[in-house]
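Peer 1: A predicted structure for the sequence below; I have some questions about it.
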Number of protein chains: 4
Amino acid sequence: MVGGGPGAFIGAVHRMAAALDGEYRLLAGSFSSDFDKSRETGDELGLAPGRVYETYSEMAVAEGALPEESRIRVVSIVTPNHLHFPVACVFLEQGIHVICDKPLTTTLEDAEHLCRLAAERDLVFAVTHNYTGYPMVKEARERVEAGSLGQIRKVVVEYSQGWLATLLEAEGQKQAEWRVDPERGGVSSVLGDIGSHAHNLVRYVTGLEVRRLFADLGTVVEGRQLDDDATVLLELDDGVRGLLFVSQISTGERNYLRLRVYGTEGGLDWSQEDPNRLRLVAPNGSEHILYSAAGELSKRAQAHTRLPGGHPEGFIEAFANVYRNVARTLSDDLEGPFDRDFPTVQDGAHGVHFIHKAVESNQRGAWVDAAYTPPSAGAEA
Amino acid sequence: MVGGGPGAFIGAVHRMAAALDGEYRLLAGSFSSDFDKSRETGDELGLAPGRVYETYSEMAVAEGALPEESRIRVVSIVTPNHLHFPVACVFLEQGIHVICDKPLTTTLEDAEHLCRLAAERDLVFAVTHNYTGYPMVKEARERVEAGSLGQIRKVVVEYSQGWLATLLEAEGQKQAEWRVDPERGGVSSVLGDIGSHAHNLVRYVTGLEVRRLFADLGTVVEGRQLDDDATVLLELDDGVRGLLFVSQISTGERNYLRLRVYGTEGGLDWSQEDPNRLRLVAPNGSEHILYSAAGELSKRAQAHTRLPGGHPEGFIEAFANVYRNVARTLSDDLEGPFDRDFPTVQDGAHGVHFIHKAVESNQRGAWVDAAYTPPSAGAEA
Amino acid sequence: MVGGGPGAFIGAVHRMAAALDGEYRLLAGSFSSDFDKSRETGDELGLAPGRVYETYSEMAVAEGALPEESRIRVVSIVTPNHLHFPVACVFLEQGIHVICDKPLTTTLEDAEHLCRLAAERDLVFAVTHNYTGYPMVKEARERVEAGSLGQIRKVVVEYSQGWLATLLEAEGQKQAEWRVDPERGGVSSVLGDIGSHAHNLVRYVTGLEVRRLFADLGTVVEGRQLDDDATVLLELDDGVRGLLFVSQISTGERNYLRLRVYGTEGGLDWSQEDPNRLRLVAPNGSEHILYSAAGELSKRAQAHTRLPGGHPEGFIEAFANVYRNVARTLSDDLEGPFDRDFPTVQDGAHGVHFIHKAVESNQRGAWVDAAYTPPSAGAEA
Amino acid sequence: MVGGGPGAFIGAVHRMAAALDGEYRLLAGSFSSDFDKSRETGDELGLAPGRVYETYSEMAVAEGALPEESRIRVVSIVTPNHLHFPVACVFLEQGIHVICDKPLTTTLEDAEHLCRLAAERDLVFAVTHNYTGYPMVKEARERVEAGSLGQIRKVVVEYSQGWLATLLEAEGQKQAEWRVDPERGGVSSVLGDIGSHAHNLVRYVTGLEVRRLFADLGTVVEGRQLDDDATVLLELDDGVRGLLFVSQISTGERNYLRLRVYGTEGGLDWSQEDPNRLRLVAPNGSEHILYSAAGELSKRAQAHTRLPGGHPEGFIEAFANVYRNVARTLSDDLEGPFDRDFPTVQDGAHGVHFIHKAVESNQRGAWVDAAYTPPSAGAEA
């Protein structure tokens, strides 16, 4: 693991997600740019001292030089955004598979470079757009694919948070600091941090890509360097109307990611804060509520559920589904048709492209073309 | 009453709203352009046959000629949109007060004419933007006004329906037919029918006016003459960011009107399908849920509630609040400070202006200025 | 109307319920034992002064002596419980139909006397167990009757309130005072006030009667004369297991009446504070949510709905369904098969019997037989 | 681990709960009475073949004979109920700590024996009444303890499931088979399986013990050997009124465990299927909703939360809190005041006592005394 030292949030999530199903063991790490902190974290996690490294480059080289049976097979990259690219590069170059947090990179060029590199080396490269790991998101995808909603006509995705409603970055809050710093967060804070999740969720569930978009980005909190609120009008494939709006200044909202898809035959509605529930709306206005592990779920949803109905699964379990599927993909025995169901480096490149197109539209105050095909990936294909 | 004959929906609502508090008696009507149907309705409603009129003009003149103690004091106009203007004119000219359904008119010129006419004649002119009649909407307004949310930063209003997801107008459905007919519905179906409600709700609760807007209107159902889906980005007073999206093709949605307002100190959230509940969100992510007639409600909300907490009030009760306040305004004894709390002809003109600006923005594909001051109204001022 | 003077709650509800559909006109009243207050109320309601009476007996006699076309056809009795009986008697004896609040009487003897009297005189006698007026309660009944739930196995009904969590009767609160006074409220406060509603709801929806019961009544608030919390175990027809629990001291609860019925093929769940929604649960754990006026509702439910889906109807509308059905029963032209769907004097007698059996069980600390057949009623049969 | 072989549900839960925080490694097991199946499971879990044992006795002896640094420190017992006792005995006798599923034993005598044995050997003995591991349950306890609800007056706990609505045990469903078999499940199915959880939840949150009870147990599904539905009236300490009702035949219910506590100053409401939310109701009928990891939570709740607000945690995380606290208790460095917060062998004995008293009450058809003090436990005290 690279990143995830003291004070980090997402590093611990990755570790729990990896531990849950017993398919990973943490062997090595470079958890912080401060070597003392890194060693402290390594110690807490029970790592052999020799496998806690001062820098990620050193780690990549050293691990790459170990015999295959003892070296790490896959690295988790949980650093601030701007480091995803260089870290991923050195590990890929050592033939080590990658699980990387989102957004994939801060420039599209970097993202495409990673696509190509992973393909050349035939390595697995997963990007943790973890929200697609939820069983009921998978059910939603299956329902769309099976045509239960008829022809899709409208998509609304929202991701509202309130945690950046104050100038938190000025108070020394680490999580806030790097996200709103153009050097470390990228060209957009709100789109990089949560907009890319919303965008990925739309693509995963509907199978539709963004063709054109009109974005309005705003910086609501005075003194902030990057945006913290955005609305993006979407034209999806087949002219489907889409709306994506995301915010970090919607005071009081916790982590309100919600997707609605409307078709000619019905609609669906899923909300991340109530993740075990999928609302299907019928043309006549009645609703069918599906619950995780209860009722008539698709094989894809069932394959990503661990408990019987009424036993809530949450964020970590969804995240763990990404990890588990990567593990199965890396292992020789795939257990089922959904083992390769995880977001790839190409999905990551799509996200980076989307962010940049939205920034461009906002600057020009106009609709822009946003169709995109990333360079072909490797092992995931 | 003008309009509201067989097959109409909103006429019956107006009649129940007027009856609920016992402040109105229905005395005369011209319910349909088909005199037989009109007489049939008049008969069912127990009207004296002599006061069911063949045309609205005839009715206005005849009633205007009656002695003051027996003639109607106020007329309810519940016709398709294009008739609001001519009907309102003739009654105003006879010195009869008006309660008119929305949108006020199909052109801004007409709307302004009515503003001036009502002012000149010193007549009350209410427009039934009935959703502001809900007690918890009034509570929301009071909370904003009292500064509970701090400085407002973001407003999201949504109004999603699915009833026009098919080409219902081709199947002889009367409600659908006139709404999507440019001759009778106006320049926009979705904005006239529900967008104007959403716009009014934002203005009522936040006290903020739209300064600029960017609209994207769409006609999703093939063969339809007017739009059925719209997203409008708003710049409100003080640069507050706003988003309004409305749809008649969101299959399965019943009547999902929801308003959220976020400020520096908290947010609020109200949904029309669960109207007795107001969600207040705190910066720390916990919520305070207020219920109609329970808890620490403002005097304004209390004044518009008829039952103790836990006894649901609904659409008709909210509508009746508009009627009751008009009745009190017309009577000599106002009972409280909120008796004049109903949407006026000026509010109606604001709505018509908004619709036209959105259509203009959509045509130009650009942000347009949308600041507006209607001609001063009369008795309501 | 008898009762419903200043400070009363339910009188105003009856008046709004009667007004809503335009099928009633209020002609006469004796609103209070204090004649001045009664005249004040009569004046506010626009009654002719000569038809506001000093006593209910005087009113019954005077109205009974009027010619048929001008006298009242039906009287609404909205007094404290102990007066229901004497008031109903004098009006029935004058040949005037009755709509009476619940519980019907304070003794079973009185209740049965009213059953017989109404039958002898062939008069309509409705008891306002208003909760069965909700469309979705009617839908629930239809679903049970149609066998959608299979064979019923278990019923849970709950009615929790918190308004009597303090010794409100000592603070001069009129509503509280008479309810917890054995002289005026009867043998049980909590069962008379809300338990009888819960009992009626079970009977209406399931068609099952109570065969045996075990009751545990408690007086939680010190100094109170009657009970304020009760749990009653039920054995219903066919040995179906039932549980009824009601409380006036569940601090913070508003008016939480909820019914659940479980059968071999599914369950249903309805809650009064969210009345436009009926939850049907499938054996596999998924849910089907029906909404008032939307979706595949039965004719019975549709016949009791005034608005399209998504336009909430509430307590008054449900109450008005009782009034409207009485009006249609009294009129010569019944409009449909559900016009006689209202709670009768026999239902009222069932409620009174239930209350007394529960009190008996509590005193004996044992299960008691509770099967009951009231004397046959008249016009309603 | 003893138990948890192929087809078991709870064994996998224990393994995930143990893995989540990285504080456990699975070293040995006897997963099934069928040694082949046991080896298969051991293999899948990556155990050394020599540490998969044919019988639990063999395992206890062999592990007990290993040097301290390599042998297991704690055994998880996840067998059917009747085996909890003999398995726990042999491991305790070898000086190995125990984590045992509930109900602790099938007889009170056995339960008390385990209490004494654990105390004598000074061993930790946890019972996985896992629902008290949820952060919001811990918050509920803190709120009660802090007096936020005033003096407690009423407690309602419900646990409704529908999975045994058919005679599942006749279809070879393993989970059902042993639960409703008196030989393996004990004297009551519904109380052993879920009633004991409900009872434990009441005790944990309110700190109140059951003094007297009246139970009505029923076997609804024909052909079943044990009960599947129960209502128990409770008299708690200080005369607080309590109601506990549990069911396995409430068709369509998934895992609906809900606790409500009402006091003089307010009420609280928690539901397991929506576990990150705690509803606090105020005397005036408004509500305050607390969310896991958001808002003003107590230190106890915070100490059992892994993620920021809006990131749902579920069943496994709550279960893992039991495991983590046991691990910390066993380690030398307790990290905080809540490390010993897990259900003990004494809590388990309370549960067994409750089950037996309820069965006794049901047989006698009478209230029975139910006060109880288990033999003192050891390391947990």
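Peer 2: Ah, there it is.

Peer 1: Start and end of stretch A:37-54, how far apart?
Peer 2: Length of stretch A:37-54, first residue to last, C-alpha to C-alpha, to the nearest Å: 10 Å.

Peer 1: Any chance you could list what contacts it?
Peer 2: The contact list for stretch A:37-54 (C-beta atoms under 8 Å, 6 or more residues apart in numbering or on different chains) reads A:4-6, A:15, A:26-32, A:35, A:59, A:62-63, D:22. Yep, even glycine has a C-beta here, placed from its N, CA and C like the rest.

Peer 1: chain center to that stretch, what's the gap?
Peer 2: Distance, stretch centre to chain centre, for stretch A:37-54: 27 Å (C-alpha atoms, centre = their mean, to the nearest Å).

Peer 1: for stretch A:219-238, same thing?
Peer 2: 18 Å.

Peer 1: Which secondary structure state is assigned to A:Gly285?
Peer 2: Reduced to three states with DSSP: H, G, I helix; E, B strand; the rest coil, the structure at A:Gly285 is coil.

Peer 1: ok, it - contacts?
Peer 2: Contacts of A:Gly285 (C-beta under 8 Å, 6+ apart): B:162, B:252-254, C:291, C:294-295, C:309-310.

Peer 1: How about it: what's its closest non-neighbour residue?
Peer 2: C:Ala294 (2.8 Å; C-beta to C-beta, 6 or more residues apart in numbering or on different chains).

Peer 1: Just list whatever residues bridge to the one you found.
Peer 2: C:Tyr291 (DSSP bridges).

Peer 1: count of neighbours near it?
Peer 2: C:Ala294 sits with 27 neighbouring residues when counted by other C-beta atoms under 10 Å in any protein chain shown.

Peer 1: Double-check it against C:Gly310; I have them as touching.
Peer 2: Yes. The pair C:Ala294 / C:Gly310 is scored as a contact, 6.7 Å apart, by C-beta atoms under 8 Å.

Peer 1: between the two, what contacts are shared?
Peer 2: With C-beta under 8 Å, 6+ apart as the test, C:Ala294 and C:Gly310 both reach A:285, B:254.

Peer 1: Stretch A:331-346 near chain D at all?
Peer 2: No. Judged by C-beta under 8 Å from any C-beta of the partner chain, stretch A:331-346 makes no contact with chain D; its nearest approach is 11.4 Å.

Peer 1: With just CA atoms, put that stretch into PDB.
Peer 2: In PDB, the C-alpha atoms belonging to stretch A:331-346 read as follows (Å, rounded to 0.1, in the frame of the first residue of the first chain):
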ATOM      1  CA  SER A 331      -6.300 -15.900  -9.100                       C
ATOM      2  CA  ASP A 332      -6.400 -18.800 -11.500                       C
ATOM      3  CA  ASP A 333      -9.800 -19.900 -10.600                       C
ATOM      4  CA  LEU A 334     -12.500 -17.500 -11.400                       C
ATOM      5  CA  GLU A 335     -15.600 -18.500  -9.500                       C
ATOM      6  CA  GLY A 336     -18.300 -16.900 -11.600                       C
ATOM      7  CA  PRO A 337     -19.200 -14.600 -14.500                       C
ATOM      8  CA  PHE A 338     -19.000 -11.500 -12.400                       C
ATOM      9  CA  ASP A 339     -15.500 -11.900 -11.000                       C
ATOM     10  CA  ARG A 340     -14.200  -9.300 -13.500                       C
ATOM     11  CA  ASP A 341     -16.900  -6.800 -12.400                       C
ATOM     12  CA  PHE A 342     -14.800  -3.900 -11.100                       C
ATOM     13  CA  PRO A 343     -13.900  -0.400 -12.500                       C
ATOM     14  CA  THR A 344     -10.800  -0.500 -14.600                       C
ATOM     15  CA  VAL A 345      -8.100   2.000 -15.700                       C
ATOM     16  CA  GLN A 346     -10.300   2.800 -18.700                       C
END
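
Peer 1: Identify each buried residue in that stretch, please.
Peer 2: Neighbour-count burial for stretch A:331-346 flags A:338-346 (criterion: 16 or more other C-beta atoms under 10 Å in any protein chain shown).

Peer 1: Among the residues you listed, which one sits closest to chain C?
Peer 2: Ranked by distance to chain C (C-beta to the nearest C-beta), the buried residues of stretch A:331-346 are led by A:Phe338 at 21.2 Å.

Peer 1: and A:Gln175, what are its phi and psi?
Peer 2: Here is the backbone geometry of A:Gln175 (degrees, to the nearest 10): phi -60, psi -40.

Peer 1: Now A:Arg324. Nearest residue, chain neighbours left out?
Peer 2: In this structure, A:Arg324 finds its nearest non-sequential neighbour in A:Asp21, 4.9 Å apart by C-beta to C-beta, 6+ apart.

Peer 1: what about the one you found, how many neighbours?
Peer 2: Neighbour count for A:Asp21, taken as other C-beta under 10 Å: 19.

Peer 1: Distance check, it against chain B.
Peer 2: 30 Å (C-beta to the nearest C-beta, to the nearest Å).

Peer 1: again, but for A:Val322
Peer 2: From A:Val322 to chain B the distance is 26 Å (C-beta to the nearest C-beta).

Peer 1: can you tell me the helix or strand for that residue?
Peer 2: Assigned by DSSP states H and E, A:Val322 falls within helix A:315-330.

Peer 1: Then A:Tyr204?
Peer 2: Under the criterion of DSSP H and E, A:Tyr204 resides in helix A:196-206.

Peer 1: Check A:Arg300 too.
Peer 2: helix A:299-302.

Peer 1: how about the residues of the stretch 1-150 of chain A that lie near chain B?
Peer 2: A:149-150.

Peer 1: Quick check: residues of the stretch 1-150 of chain A near chain D?
Peer 2: Looking at chain D, the residues of the stretch 1-150 of chain A close enough under C-beta under 8 Å from any C-beta are A:9, A:12-13, A:15-16, A:19-22, A:45-46.

Peer 1: Cross those against helices and list the overlap.
Peer 2: Among those, the members found in helices (DSSP state H) are A:12-13, A:15-16, A:19-20.
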